[in-house]
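J.: Compute the structure for the input listed below.
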Amino acid sequence: MNEIKTAFKKNQIENIYPAGSENHFWNLARNYTIKRWIKSEFDNLGVCFDVGCGKGYTISYLRKNGYEAYGSDIADYIPIDDAIKFAFPKTELSQIPHDITQKVDCILLLDVIEHLPQPDKLLLEITKIFPNASKLLITVPARQEIWSNFDEFNCHYLRYSHRDFVKLAKRLNFILLKSSYFFHILYLPIFITKLLRIKRSTNFPVPASKFSVYINLIISFYFIIEQYIIPKKVYGTSLIGVFSFNRELKK
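T.: As a prediction, this is how the structure comes out:
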């Protein structure tokens, strides 16, 4: 995977994954969303693998919720303690131990492919390296019309739409099983910020006290609840989708 690079620079790592960021409402709600979709869309799931796992927050979360999760990242992250035995930092996919790649059922790409000018290469490589994986869960930043300095700082190439997911599946002979926007209520203030040409902060605010952790937990509950009451086609700042590999067409 030498030509497929998504690694962050040191200043980006510290801004995106500062210590304590796992308690921020965005991460809390996203982790719940990932778990919810895995539970509803993946029958009898065995092993999932988080490609581009960062410090391993999602690996830790999924394992605490009963899932056998592993992951890797090509960036120079130090995994958190709960994930250190299950994450492979500074590691190409081709270097993942064979005994793990063979037993993986589901691939997670959580806010990864937006960093790639040609995500198709990575996705096709995944189908080869994980021969027994049959489904892929992807999350991405959504809606190109709210592109901002935040995306430029984080080296994004695209904010995705449902139509982009459809095109992606068609190019790769994948099957898009289901997709939905989420973080709906965040869309409007970010859209207004874009109209007013106000720059977004590139720092990730970390809850610094027990009170702020509690407040972030409450806010995360709202973003969880809105997924049950707001139609999935209503725009949000993130998009999630489940794809199936059509391996018969690749033989």
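J.: next helix or strand past the longest helix along the chain?
T.: If you go by DSSP state H, the chain has its longest helix at helix 210-229. Using DSSP states H and E, the helix or strand that follows helix 210-229 in sequence is strand 238-245.
J.: What are the buried residues along that next one?
T.: Neighbour-count burial for strand 238-245 flags 238-243, 245 (criterion: 16 or more other Cβ atoms under 10 Å). For the C-beta atoms, the positions are set from N, CA and C on the backbone; glycine is no exception.
J.: quick check: angle from that strand to helix 210-229?
T.: Here strand 238-245 points in a direction 60 degrees away from that of helix 210-229 (axes from the mean of the first three to the mean of the last three Cα atoms, to 10 degrees).
J.: Which helix or strand contains residue 26?
T.: helix 25-41.
J.: Now do that helix and helix 210-229, the angle between them.
T.: Here helix 25-41 points in a direction 40 degrees away from that of helix 210-229 (the same axes, to 10 degrees).
J.: tell me which strands and helices the longest helix of the chain is in contact with?
T.: Using 3 or more Cβ pairs under 8 Å, 6 or more residues apart in numbering; DSSP states H and E, the elements in contact with helix 210-229 are helix 25-41, strand 174-182, helix 184-195.
J.: For the helix holding residue 26, give me every contacting residue.
T.: Helix 25-41 has contacts (Cβ atoms under 8 Å, 6 or more residues apart in numbering) with 21-22, 45, 48, 57-58, 61-62, 65, 67, 106, 108, 110, 135, 137, 139, 177-178, 182-183, 216-217, 219-220, 223-224, 227, 238, 240, 242.
J.: again, only using 6 Å
T.: For helix 25-41, contacts defined as Cβ atoms under 6 Å, 6 or more residues apart in numbering pick out 58, 61, 65, 182, 216, 219-220, 223-224, 242.
J.: Select, from those, the two members most distant in space.
T.: Using Cβ to Cβ, the two most remote members of the contacts of helix 25-41 are 216 and 242, lying 27.3 Å apart.
J.: one step back: what is the distance between the helix holding residue 26 and the centre of its chain?
T.: On the basis of Cα atoms, centre = their mean, to the nearest Å, helix 25-41 is displaced by 10 Å from the centre of the chain it belongs to.
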